[in-house]
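In: what would the 3D arrangement of this be:
(one chain, ligands or ions: 2)
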Amino acid sequence: MKKILFVTSEVYPLIKTGGLADVSNSLPKALAQTGQDVKLVLPNYHALKICAPVLERSTFKIGTHTVRLLETMLPESDVCIWLVDCPEYFDISGNPYVDYAGNAYSNNAERFTLFCRAAIEIAMNRVGLDWKADVVHCHDWQTGLIPALLSLEYQCPPTVFTIHNLAYQGIFNGLMAATLQLPGQLLTPDGLEFHGMISFIKGGIAYADKITTVSPTYAQDIQTAELGYGLEGLLVYRNQDLIGIINGIDDDWNPHSDPLIAKNYTADTLIDKKENKKALQAHLNLPIDENVLLIGLISRLVEQKGIDMILGCLPEMVTYPIQFVVLGSGDKGFEKQLHEFACAYPHKLSLTLGYDESLAHLIEAGVDVFLMPSRFEPCGLNQMYSQRYGTLPIVRHTGGLADTVVDTLPSTIENRTATGFVFNEASEGALLETIKRAAILYSFPDSWHQIQVNAMGRDFSWKSSAEQYINVYSTL
Ligand code: ADP
Ligand code: GLC
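Out: Ligands and ions are numbered 1, 2, ... in the order given. You can find the predicted model right below:
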């Protein structure tokens, strides 16, 4: 049994902007189920949806700031969450990283440095909790300074740094080094320095004992100039310590028991999936038609997700006998263009801007096909949720999408491994061709049904991924 300090900037259901929150919910639970002692550390944002009682555990100083450490529980688990309470940095009501206009908070460097320093105090057993970490597991740039700063401590615990998305790096003006009081020995080209600036994610990559990322293919992708964002050299240098572990998905996403969908179903009762299709069409004021191909998209509306490609396809897509359901938020330009299409084709395209967990479940259950034409995708969760719901994903061959979806080909139909539709080139033409390919297959109900059954039979549970993380911890 190991004492694992799991440090993250978002955890579902307390706060979520993307898949990191899902992973920070389900991986700690899966680790705890194997007998590990896992404690989560999270900033005490004002926006947190706290579901269990909160206790005050400790008060300590980080520089001039007084930090209170609060304790609550991760719902439906025995995993405890320690909340780093520092109102001057975290008492904000909206998104944890950006303001309402989508701009990063101007003091993000200070906010997440304080968070990292607080996590180090906890890990080193200096806050009076009588608990010293055996392993500190950090996630994404917001925690990148932990491996760097911890490396300077006497008898420090080993660290694992997980890259969920290398596109977000936490890069700040080099002059901030003084404000943040970063020790000079970390400010070198093989340390935090990055082209005259400071890179938080580099702290994780350069100093962690082991680096993981969220799929085997993405572990390769980030060692190339195309997806390495200037860090490919360092990642190649560290590749003996870099491992790709695919994310699992939580059992909250299960059509058999999901309380948020219209009618539960399994691979044996796929006929009942149609009830969800009708409920979704009714809910979104689309014409109710169980035979039309219903396509779904749930996403942050950002370039990573190929939204520009989808917009390029829309003029032709709306001429096909399909309906298209979009739930998302993000880039204001993408939101506006989607809104214009939705107004022009209300019977074809339904757009819901914003964040809606219940609708996300109903979409996964109700649609026939799920679009995920990402330009890059470290892992991606919705293509796995989709398969579990018998909803066939259309994905680009990149990162975790390549690792989790099996393309429909004569051979994979024959050997019953096909689970979706995969295309290579990041172009509108390739995406349109694949949508057409799916539409044609949809008119062969027996083949479609078999692929749904194949998809629903895939094992995307956390068990084997959690075991791989435990193996990584045991090598430290
Ligand atoms: P990323 O973390 O890059 O956004 P993932 O596929 O790993 O991509 O995870 C996205 C998660 O966020 C999924 O659980 C997805 O259902 C959810 N999600 C994204 N946008 C919305 C939204 N507008 N409403 C509800 N859930 C959303
Ligand atoms: C990131 C990635 C996504 C991944 C998620 C959880 O947000 O963009 O692909 O699934 O982290 O690891």
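
In: give me the residue ranges of the chain where confidence is low.
Out: Low-confidence segments of the chain (pLDDT under 70): none present.

In: list, one by one, the residues from it near ligand 2.
Out: 18-20, 23, 164-165, 214, 247, 377-381, 400 (C-beta under 6 Å from any ligand atom). In this view, the C-beta of every residue, glycine as well, is placed from N, C-alpha and C.

In: point me to the residue of this structure nearest ligand 1.
Out: residue 19 (2.1 Å; C-beta to the nearest ligand atom).

In: run through the strands of the stretch 1-150 of the chain in chain order.
Out: Listed in chain order, the strands of the stretch 1-150 of the chain (DSSP state E, counting those that start in this stretch) span residues 3-7, 37-43, 55-62, 65-73, 80-85, 135-139.

In: can you tell me which of these is packed in deepest?
Out: Highest mean neighbour count of the strands of the stretch 1-150 of the chain: strand 135-139, a mean of 26 (counted as mean count of other C-beta atoms under 10 Å).

In: that strand: how far from the chain's middle?
Out: 17 Å (C-alpha atoms, centre = their mean, to the nearest Å).

In: what strands line up against it, and which way round?
Out: Counting by DSSP bridges, the strands paired with strand 135-139 are strand 3-7 (parallel), strand 159-163 (parallel).

In: how about those strands in TSV, adding distance to ligand 1?
Out: Formatted as TSV, the strands paired with strand 135-139 follow (distance: least, C-beta to the nearest ligand atom, whole Å):
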stretch	distance to ligand 1
strand 3-7	17
strand 159-163	12
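
In: which one of those strands lies closest to residue 135?
Out: Residue 135 lies closest, by C-beta to C-beta, to one member of these: strand 3-7, at 5.1 Å.

In: so that closest one versus strand 80-85, what angle?
Out: Inter-element angle recorded for strand 3-7 and strand 80-85: 40 degrees (by axes from the mean of the first three to the mean of the last three C-alpha atoms, to 10 degrees).

In: residues making contact with strand 3-7?
Out: With contact meaning C-beta atoms under 8 Å, 6 or more residues apart in numbering, strand 3-7 is reached by 24, 27-28, 31, 36-41, 115-116, 119, 122-123, 131-139, 143, 146, 157, 473.

In: let me see the contact set for the closest residue to ligand 2 within the chain.
Out: Closest residue of the chain to ligand 2, C-beta to the nearest ligand atom: residue 19 (2.8 Å). Taking C-beta under 8 Å, 6+ apart, we find residue 19 in contact with 164, 247, 379-381.

In: adding secondary structure and distance to ligand 1, write the residues you listed out as a markdown table.
Out: A markdown table is the format used below for the contacts of residue 19 (DSSP: H, G, I helix; E, B strand; the rest coil; distance: C-beta to the nearest ligand atom, whole Å):
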| residue | secondary structure | distance to ligand 1 |
| --- | --- | --- |
| 164 | coil | 7 |
| 247 | coil | 7 |
| 379 | coil | 6 |
| 380 | coil | 4 |
| 381 | coil | 4 |
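
In: what does stretch 41-50 contact?
Out: Residues contacting stretch 41-50 (C-beta under 8 Å, 6+ apart): 5-11, 13-15, 24, 68, 70, 72, 81-86, 89-96, 111, 115, 118-119, 122.

In: which of the residues in that stretch are buried?
Out: 41-45, 48 (16 or more other C-beta atoms under 10 Å).

In: now tabulate those residues in JSON lines and tack on distance to ligand 1.
Out: Shown next, in JSON lines, are those (distance: C-beta to the nearest ligand atom, whole Å):
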{"residue": "41", "distance to ligand 1": "20"}
{"residue": "42", "distance to ligand 1": "17"}
{"residue": "43", "distance to ligand 1": "18"}
{"residue": "44", "distance to ligand 1": "22"}
{"residue": "45", "distance to ligand 1": "17"}
{"residue": "48", "distance to ligand 1": "17"}
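
In: can you tell me the SS state at residue 299?
Out: Per DSSP: H, G, I helix; E, B strand; the rest coil, the local secondary structure of residue 299 is strand.

In: same thing with residue 264?
Out: Residue 264 - assigned by three-state DSSP - is coil.

In: and for it, the neighbour number?
Out: By other C-beta atoms under 10 Å, the residues close to residue 264 number 17.

In: cool, residue 367 as well?
Out: Quick note: residue 367 (other C-beta under 10 Å) scores 27 neighbours.

In: give me the nearest residue to it, chain neighbours excluded.
Out: residue 296 (3.4 Å; C-beta to C-beta, 6 or more residues apart in numbering).

In: the helix or strand hosting that neighbour pairs with which strands, parallel or anti?
Out: Under the criterion of DSSP states H and E, residue 296 resides in strand 293-301. In its sheet, strand 293-301 lies beside strand 322-330 (parallel), strand 369-372 (parallel), with partners assigned from DSSP bridges.

In: just checking, what packs against the next helix or strand along the chain from that strand?
Out: Once strand 293-301 ends, the next helix or strand along the chain (criterion: DSSP H and E) is helix 307-317. With contacts taken as 3 or more C-beta pairs under 8 Å, 6 or more residues apart in numbering; DSSP states H and E, helix 307-317 sits against strand 293-301, strand 322-330, helix 332-344, helix 428-442.

In: and with 6 Å instead?
Out: For helix 307-317, the packing partners by 3 or more C-beta pairs under 6 Å, 6 or more residues apart in numbering; DSSP states H and E come out as helix 332-344, helix 428-442.

In: elements contacting the shortest one?
Out: In other words, helix 332-344. In terms of contacts (3+ C-beta pairs under 6 Å, 6+ apart), helix 332-344 is packed against helix 307-317, strand 349-353.

In: residues making contact with stretch 387-400?
Out: 215, 217-218, 221, 253, 255, 270, 273, 364-365, 367, 369-374, 376-380, 383, 386, 401, 405, 419-422, 424, 434, 438, 452, 455-456, 458 (C-beta atoms under 6 Å, 6 or more residues apart in numbering).

In: would you map the helices across the stretch 151-300 of the chain?
Out: 176-179, 200-207, 216-221, 225-228, 232-237, 273-283 (DSSP state H, counting those that start in this stretch).

In: picking up where we left off before, what's the most buried one of the helices and strands packed on helix 307-317?
Out: Using mean count of other C-beta under 10 Å, helix 428-442 ranks as the most buried of the helices and strands packed on helix 307-317, with a mean of 18.

In: now do the helix or strand following it and helix 428-442, the angle between them.
Out: Scanning forward in sequence from helix 428-442 by DSSP H and E, the next helix or strand is helix 445-456. Here helix 445-456 runs at an angle of 110 degrees relative to helix 428-442 (the same axes, to 10 degrees).
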